[in-house]
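**Q** Provided below are the primary sequence and the corresponding predicted coordinates.
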Number of protein chains: 2
Amino acid sequence: MSVTALRINGERLNRMLQETCTSWGAFEAPSTGMCRLTLSAEDKHVRDWLVKECKSLDCVVKVDQMGNIFAIRPGTAEDKKPIGMGSHLDTQPAGGRYDGILGVQAALEVLRTLHENNVQTYCPLAVIDWTNEEGARFPGAMMASGVWSTESSTGLEACWGTQDKQGTLMKQALEDIGYLGSTPCDYRENGLQCHFELHIEQGPILERVGKSVGVVTSVQGMKWFAIRVTGVEGHSGTTPMPDRSDALVTTSRLITAVRDVALRTELGVATVGVISSDTSSQATIPAGVDFIIDIRCSTDDMVDQLAKVIFEAFEDIIKAENNGTVYEVKRTWGLPESKFHTSCIESVRTAALKEVSESQIMDMKSRAGHDSAWTSRVCPTSMIFVPTKDGISHNPNEYTSPEHCALGAQLLLNAVLHYDEKVSKGEY
Amino acid sequence: MSVTALRINGERLNRMLQETCTSWGAFEAPSTGMCRLTLSAEDKHVRDWLVKECKSLDCVVKVDQMGNIFAIRPGTAEDKKPIGMGSHLDTQPAGGRYDGILGVQAALEVLRTLHENNVQTYCPLAVIDWTNEEGARFPGAMMASGVWSTESSTGLEACWGTQDKQGTLMKQALEDIGYLGSTPCDYRENGLQCHFELHIEQGPILERVGKSVGVVTSVQGMKWFAIRVTGVEGHSGTTPMPDRSDALVTTSRLITAVRDVALRTELGVATVGVISSDTSSQATIPAGVDFIIDIRCSTDDMVDQLAKVIFEAFEDIIKAENNGTVYEVKRTWGLPESKFHTSCIESVRTAALKEVSESQIMDMKSRAGHDSAWTSRVCPTSMIFVPTKDGISHNPNEYTSPEHCALGAQLLLNAVLHYDEKVSKGEY
């Protein structure tokens, strides 16, 4: 059959997605929530399953130093790097079944479709499971794609040295589940022709405007700041209110300011998702509190501007409190604004136009971070978005319809075939 | 020698106190901080040491169902219950060397003084180490004296079922260190004639007014409220600021209100010492946050009044936020206002006047909770306060001078002997 007539099997895709979620990391029914933390037992099971499936489709499977899985199906060209189809199989501690998971399952369905139709592409194809995209167990989202791109300020050794809450080193966790590979985690030694990622939108826009496909042209810039507020410990019963240097009260004022500044300036979004206090006693005035601010805006400049206004508000609060509490920025990370590539964007748009009318398609900026943001810095990249019910993600109620999942997988196949054809003709 | 001429050995008291702190639970020098959580290995060691010391002073040692240690030195009267000298050997996770510890060490020094002078009292005497006064490992301060008094709303089985953060049941923890005793934890079956407690003030008043002894006449009322704030989880990058139902932002506004209301109304003190968020991901809008409010006032009425104003402020905040976040009061505990007894107060005052001039003594209300608050509900009770440097407690920098420690122990001896004499004469 002509490659342009290839159809993915939507029923099979959705069944596999649901079955593997139910098997490895599912909350108790009727919840459709997932807890599949990176490098956990659940993650190991689904990784083993993915490797086995890919091998049954005649793939060569490579595992790199960060546990990224590259399952490669050979092409006819011997000197070409693979066209990547990547996403992640890990979830938030209370996440859903689509964020990341859909992208890997769809990539696998693309391989199955080619396999059962005996179609060999020109370039090799790679299904990629990127390790620790969520950053929920080991702090640092999109960690392993960042290492692979060599563009992240957190390199291999630093990532290996990251600890989870139980004090387990990431390197140890990789070893424990058998996914500390020997393939260099470096795009220069294990490269890709390009990278496509199907993902749920994780926001409400497609649904609100009644469209079914987002052609993703960029990822917004992000920065995280780890803050520590310090005060003076004291007895909750005997320390008079005016004499207190309460780190948690000051923290509360700062968190309130993060919200109020972001709302007022409309520069972007700012969130405090993580907080922890040194004290575990209700009878002690807290002397040390840590929290992380997550700032995201359309451009890196806007991120810096929003951060500046937030920290100005912090200074005002510290001055107004005038009780000896202080704060310091302990650490920062960031993901720069990423612009995707014309070639990949064109492939996604062409892929979409084959399936739906133009009115169903819109160009979008991604407001969440993705592994594609890192790959885009070292190889041509784009993403396909499908709608998310009510815009809810990182939540057990996350939902994307089976029809939209199937549509996304078909677009991924179309995009890969389009790009492959262009490469074979020397046009990309 | 006349019992009225008995002198405790201040050097020995201070040496024993420092040595046992250094051995079991000390922070690394030069810090004088302590972490001796109840029923930990450090607590077991110091308990074993206390039992051994008391046995060497011919005491009979009883351990009750809550691990409270009663080391009883017989008196000449066979039908009298013991005069208790109690406090606690456990500390906060980052506490000092005096809160609780001084009271038990001084009680032991009283026994040593009587023993080396071959003095037998009329009533038996009991050195008591009350379990889990701090409530730092197992939530619920003054837990075991509360059970013993049968006045606490948290009874024996409920306390046994309390878990620490690692999920260890309190009953298991008692068993693990060999202190799950068989003596009933009930004042009706293992009673006291009265209860004296030497303690550091844990506040700045004695130091500020230049006095060395506080005669404690009452303990202020306290209530704790466990609050849960619920919102809606969401992705930190994709959920627009106006659409959020952020439990941590609402919590921050509530914590700020706790502080502001207490400061404004001047009804008492209110503190949030403990906070925890369900989410551990910086990329997730928190949907559930727990915290505990600790309210303390001179009277129970004032506690209720302050709580009422705080919760009115909460209602206003929830209305103003109007974003779907809600709060519920999950659980409350309390320690009612406690008035100490004329007989014991008189014994403490008489004891003090033997050692220092009247200008060095003042009557005080305790603003911290103590095991004596529970004992006072079922037997005559009073406390002796000695100064705390800068009022700092529940902190590694907690400090009381060796002279004040020794003075306190001498007063404890004097008070016990005074009370004992009165009982022997049938006057108390």
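**A** Here it is on my side, so go on.

**Q** now the strand or helix carrying A:Glu109: mean pLDDT?
**A** Element membership for A:Glu109 (DSSP states H and E) is helix A:101-116. Here helix A:101-116 scores 98 as its mean pLDDT.

**Q** how many neighbours does the closest residue to A:Gly214 other than its chain neighbours have?
**A** In space, A:Gly214 comes closest to A:Phe385 once its chain neighbours are excluded; the distance is 3.1 Å by C-beta to C-beta, 6 or more residues apart in numbering or on different chains. No exception for glycine: its C-beta is placed from N, CA and C like everyone else's. Around A:Phe385 there are 28 other residues, counting by other C-beta atoms under 10 Å in any protein chain shown.

**Q** likewise for A:Val329?
**A** So A:Val329, with other C-beta under 10 Å, has 13 neighbours.

**Q** which residues touch it?
**A** Contacts for A:Val329 (C-beta atoms under 8 Å, 6 or more residues apart in numbering or on different chains) come out as A:Phe225, A:Ala226, A:Ile227.

**Q** that one pairs with what?
**A** Judged by DSSP bridges, the bridge partners of A:Val329 are A:Ile227.

**Q** how close does it sit to chain B?
**A** To chain B, A:Val329 is 14 Å away according to C-beta to the nearest C-beta, to the nearest Å.

**Q** likewise for A:Gln105?
**A** Distance from A:Gln105 to chain B, by C-beta to the nearest C-beta: 20 Å.

**Q** state the phi and psi torsions of the nearest residue to A:Gly203 once chain neighbours are set aside.
**A** Among residues not flanking A:Gly203 along the chain, B:Thr238 sits closest, at 3.6 Å (C-beta to C-beta, 6+ apart). Dihedral angles phi and psi of B:Thr238 (degrees, to the nearest 10) take the values phi -110, psi -10.

**Q** what of A:Tyr399?
**A** Torsion angles, degrees, to the nearest 10, at A:Tyr399: phi -150, psi 140.

**Q** ok, it - contacts?
**A** Applying C-beta under 8 Å, 6+ apart to A:Tyr399 gives the contacts A:Thr32, A:Gly96, A:Tyr98, A:Thr388, A:Lys389, A:Ile392.

**Q** tell me the one of the contacts of A:Val329 nearest chain B?
**A** A:Ala226 (8.8 Å; C-beta to the nearest C-beta).

**Q** do I have it right that the closest one meets A:Ile292?
**A** Yes - here A:Ala226 reaches A:Ile292: they are 5.3 Å apart, a contact under C-beta atoms under 8 Å.

**Q** more crowded one of the two?
**A** A:Ile292 (22 against 17).

**Q** now do the strands in the stretch 151-300 of chain A.
**A** For the stretch 151-300 of chain A, strands defined by DSSP state E, counting those that start in this stretch occupy the ranges A:194-200, A:213-219, A:221-230, A:234-235, A:269-277, A:284-285, A:288-297.

**Q** let me have those strands in TSV, adding mean pLDDT and distance to B:Ser87 as columns.
**A** As requested, the strands of the stretch 151-300 of chain A are exported to TSV (pLDDT from 0 to 100; distance: least, C-beta to C-beta, whole Å):
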stretch	mean pLDDT	distance to B:Ser87
strand A:194-200	98	59
strand A:213-219	97	60
strand A:221-230	95	31
strand A:234-235	86	15
strand A:269-277	95	27
strand A:284-285	92	19
strand A:288-297	96	28
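
**Q** pLDDT weak spots in chain A?
**A** Along chain A, the parts satisfying pLDDT under 70 run over A:1-2.

**Q** just to revisit the earlier point, quick check: the residue nearest to A:Gly214 is in a strand.
**A** Yes - under DSSP: H, G, I helix; E, B strand; the rest coil, A:Phe385 falls within a strand.

**Q** my guess is it contacts A:Thr217. True?
**A** No - assessed by C-beta under 8 Å, A:Phe385 is found out of contact with A:Thr217, at 10.7 Å.

**Q** what sits in contact with each of the two?
**A** A:Met364.

**Q** closest one of the contacts of A:Val329 to A:Leu50?
**A** A:Leu50 lies nearest to A:Ala226 out of these, by C-beta to C-beta, at 33.1 Å.

**Q** residue contacts, the closest one?
**A** Contacts for A:Ala226 (C-beta under 8 Å, 6+ apart) come out as A:Asp290, A:Phe291, A:Ile292, A:Val329, A:Lys330, A:Arg331, A:Thr332.

**Q** most neighbours, which of those residues?
**A** If you count neighbours using other C-beta under 10 Å, the busiest of the contacts of A:Ala226 is A:Phe291, which has 24 neighbours.

**Q** what's opposite that one in the beta bridge?
**A** A:Ile227, A:Ile275.

**Q** ok, the one 5 residues further on next?
**A** When bridges are assigned using DSSP bridges, the partners listed for A:Arg296 are A:Met222, A:Val269.

**Q** how near is it to A:Gly369?
**A** 8 Å (C-beta to C-beta, to the nearest Å).

**Q** domain boundaries for chain A, per the record?
**A** For chain A, the domain assignment from automatic domain parsing gives the residue ranges A:3-220+A:338-424, A:221-335.

**Q** give me the number of residues near A:Asn259?
**A** No, residue A:259 isn't Asn; it's Arg. Using other C-beta under 10 Å, A:Arg259 has 22 other residues around it.

**Q** OK, contacts around the residue nearest to it when sequence neighbours are not counted?
**A** Distances taken as C-beta to C-beta, 6+ apart place B:Val249 nearest to A:Arg259, at 4.6 Å, with adjacent residues excluded. The contact partners of B:Val249, taken as C-beta under 8 Å, 6+ apart, are A:Ile255, A:Thr256, A:Arg259, A:Val272, B:Glu321, B:Thr325.
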